[in-house]
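Student: no sequence for this one, just the structure:
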C-alpha cells in the first residue's frame, strides 16, 4: 500500500543546473520573497504566458494535444 498523495494530479519536473544557476535562483527567491521553487516556476509560467503573441495564446487555449496518452 503506497502513501497517500496530497495532490493526486500533480507532476514532478526535474532540471539540472549548475551551482552558479542555483545561487542565482536562491538570490532571486530571496529578493522576491518566494519560499519555494514551485511558487517561482508557477509565477514564471504565468509571466511567460502573459507575454506570448496572440497566435500562441490561441494555440494554447484551443490545443487538445495529449501528453503521454492523457488529455491536456
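Tutor: Okay, I see it. For clarity, every value in this text was computed on a predicted model and none was experimentally measured.
Student: Packing partners of whatever helix or strand residue 31 lives in?
Tutor: Per DSSP states H and E: residue 31 is located in helix 19-32. Applying 3 or more Cβ pairs under 8 Å, 6 or more residues apart in numbering; DSSP states H and E, one finds that helix 19-32 contacts helix 37-50. (Glycine included, C-beta is placed from N, CA and C.)
Student: Now do the helix it packs on: which elements does it pack against?
Tutor: With contacts taken as 3+ Cβ pairs under 8 Å, 6+ apart, helix 37-50 sits against helix 19-32.
Student: The helix it packs on versus helix 37-50: what angle between them?
Tutor: With axes from the mean of the first three to the mean of the last three Cα atoms, to 10 degrees as the basis, helix 19-32 and helix 37-50 are set at 80 degrees to each other.
Student: can you list contacts of helix 19-32?
Tutor: Helix 19-32 is touched from outside by 17, 34-37, 40, with contacts defined as Cβ atoms under 8 Å, 6 or more residues apart in numbering.
Student: Check which residues of it are buried.
Tutor: For helix 19-32, the buried set under the neighbour-count rule, 16 or more other Cβ atoms under 10 Å, is empty.
Student: and if you look at stretch 30-44?
Tutor: residue 34.
Student: so how far is that stretch from its chain's centroid?
Tutor: Taking Cα atoms, centre = their mean, to the nearest Å, one finds stretch 30-44 lying 10 Å from the centre of the chain it belongs to.
Student: Okay, now the unreliable bits of this protein?
Tutor: Scanning the chain for pLDDT under 70 picks out 1-8, 63-72.
Student: Max pairwise distance over the contacts of helix 19-32: which two?
Tutor: 17 and 35 (18.5 Å; Cβ to Cβ).
Student: Can you tell me which of the contacts of helix 19-32 comes closest to residue 58?
Tutor: For the contacts of helix 19-32, the nearest to residue 58 is residue 40 (27.1 Å; Cβ to Cβ).
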